[in-house]
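Student: no sequence for this one, just the structure:
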């Protein structure tokens, strides 16, 4: 696949020393054995640490449980996919033909994994400081808008409370698809509120719980409770 390295590095606000790390970070496993899965694993760990440290410094009054919930909100797949769309990384993904035909460049799980892989690649290519700077640049708006009160509850809890306060039926969740095997499984879950028959939203995650959380977040956006990235982070049918 031909792509403009300079253009992507401008989007990332980082210039790679080792181009092979750069290419691998954008390569999905459907495109071959030299893919971004190991970088994704590394980037996930770096992201957790950087976000944890930033939250620790920003919210000195928050306890361990509150910090953990805020971190989970920031590093979840829904947020990562949103950030990937904001920097328009989808058009630069290197996918296998089957994944390309099925719209893999729009799949939230692939977009989220690519961001983690890029973080891992920058960590190896530069240093921890370089990856930290990239994460802070990428998350600048998220951190600026972060509220301790808003971040304390996960999407399913927030949606349930919204439904109860507006006299709506409680949301129902159904797993509609599972792809992959073992630890590589991707779950798709739908969220439905009975009186809102036109609203069927879905989310993806690496567990049933995470997929349901993503679906709940999509429903909150549909209802106008969370307007951030209301377009296409999860699917609405």
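Tutor: Thanks, I have it. All values reported here derive from a predicted model rather than from experimental measurement.
Student: looking at this structure, which helix or strand does the model trust least?
Tutor: Here the helix or strand of the chain ranked lowest by mean pLDDT, DSSP states H and E is strand 235-236, holding a mean of 44.
Student: how does this protein divide into domains?
Tutor: Taking automatic domain parsing as the domain assignment, the ranges for the chain are 5-147, 155-236.
Student: which of the ones you listed has the lowest mean pLDDT?
Tutor: Among the domains of the chain, domain 155-236 carries the lowest mean pLDDT, at a mean of 83.
Student: can you count the residues close to residue 73?
Tutor: Around residue 73 there are 21 other residues, counting by other C-beta atoms under 10 Å. Just so you know, the C-beta spots here come from the backbone N, C-alpha and C atoms, and that holds for glycine as well.
Student: that one and residue 153 touch, don't they?
Tutor: No: contact criterion C-beta atoms under 8 Å: residue 73 and residue 153 do not qualify, at 9.1 Å.
Student: return the backbone torsion pair for residue 193.
Tutor: The phi and psi values for residue 193, taken as degrees, to the nearest 10, are phi -120, psi 120.
Student: where do the strands sit along the chain?
Tutor: Taking DSSP state E as the test, the strands found in the chain are 172-179, 186-192, 200-205, 235-236.
Student: ranking those strands by burial, who's on top?
Tutor: Of all the strands of the chain, strand 200-205 carries the top mean neighbour count, a mean of 24, counting by mean count of other C-beta atoms under 10 Å.
Student: each with direction, which strands does it pair with?
Tutor: Here strand 200-205 has these sheet partners by DSSP bridges: strand 186-192 (antiparallel), strand 235-236 (antiparallel).
Student: from residue 161, how far out is the residue located most distally from the centre of the chain?
Tutor: What lies farthest from the middle of the chain is residue 167; by C-alpha atoms, centre = their mean that is 30.8 Å. Noted for residue 167: a distance of 12 Å to residue 161, by C-beta to C-beta, to the nearest Å.
Student: same thing with residue 86?
Tutor: Separation of residue 86 from residue 161 (C-beta to C-beta): 28 Å.
Student: list the contacts for residue 174?
Tutor: If you count contacts by C-beta atoms under 8 Å, 6 or more residues apart in numbering, residue 174 has them with 189-190, 192.
Student: quick check: beta-bridge partners of it?
Tutor: Here residue 174 shows beta-bridge partners residue 190, assigned using DSSP bridges.
Student: just the one 4 residues further on next, same as before
Tutor: Listed by DSSP bridges, the beta-bridge partners for residue 178 are residue 187.
Student: how about the contacts made by it?
Tutor: Contacts of residue 178 (C-beta under 8 Å, 6+ apart): 185-188.
Student: and the top helix by length along the chain, how far out from the chain's middle?
Tutor: Across the chain, the helix with the greatest residue count (assigned by DSSP state H) is helix 37-58. Relative to the chain's own centre, helix 37-58 is displaced by 13 Å; criterion: C-alpha atoms, centre = their mean, to the nearest Å.
Student: for that helix, packing partners?
Tutor: Judged by 3 or more C-beta pairs under 8 Å, 6 or more residues apart in numbering; DSSP states H and E, helix 37-58 is in contact with helix 19-25, helix 64-75, helix 108-125, helix 128-138.
Student: buried residues, stretch 89-99. List them.
Tutor: Across stretch 89-99, burial judged by 16 or more other C-beta atoms under 10 Å covers 89-90, 92-96, 99.
Student: just those now: which is nearest residue 143?
Tutor: residue 89 (19.9 Å; C-beta to C-beta).
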